[in-house]
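> sequence first, then the predicted structure:
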Amino acid sequence: MTPLQACLLLSCALFAVGLAGALTRRHAIVVLIGVELMLNAANLNFIAFWRYGPHPEALAGVIFVIFSVGVAAAEAAVGLALIIAIYRHYKTVNLDRITQLRAESRPPVESAGESSAAAHS
């Protein structure tokens, strides 16, 4: 087995564990951890193909990984902020118990065209 195949096999295993965690778990933080594992598997692929590619001096794989880590950090920050907001409202992070995102007590918002048409008729 070549080193590239070993890296790709490890990346495939990481992605499979992350996908299983994201699809089968009901806890929101565990789902985010699964998504992070999938992003790390993609980063490992970028580094493996860069390192064992025809031109490893080009640093293209490293640039992709740095960009991907930045995107993953932003995704984690936004995801955790959403989980905190949902926890404050619903008092749970169990995804099965969160069935709606808007409160039922608020009346529906009418558009400007509907309210002016009703006033003129």
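Great, that's in hand. Computed from a predicted model, the values in this text were never measured in an experiment.

> from A58, how far off is the closest residue to F64 other than its chain neighbours?
Among residues not flanking F64 along the chain, F46 sits closest, at 4.6 Å (CB to CB, 6 or more residues apart in numbering). Just so you know, the C-beta spots here come from the backbone N, C-alpha and C atoms, and that holds for glycine as well. Distance, F46 to A58, by CB to CB, to the nearest Å: 12 Å.

> R25 now?
Distance from R25 to A58, by CB to CB: 39 Å.

> those two: which has the busier surroundings?
R25 (16 against 11; other CB atoms under 10 Å).

> ok, now which ones touch that one?
Each residue near R25 by CB atoms under 8 Å, 6 or more residues apart in numbering is listed here: 31, 34.

> quick revisit: what score does the residue nearest to F64 have for pLDDT?
Among the per-residue scores, F46 shows a pLDDT of 92.

> tally of neighbours for it?
Neighbours of F46 (other CB under 10 Å): 19.

> same check on R97?
With other CB under 10 Å as criterion, R97 counts 10.

> name all residues that make contact with the nearest residue to P56 once chain neighbours are set aside.
In space, and not counting its chain neighbours, P56 is closest to W50: 6.2 Å by CB to CB, 6+ apart. Counting by CB under 8 Å, 6+ apart, W50 makes contact with 56, 58-62, 64.
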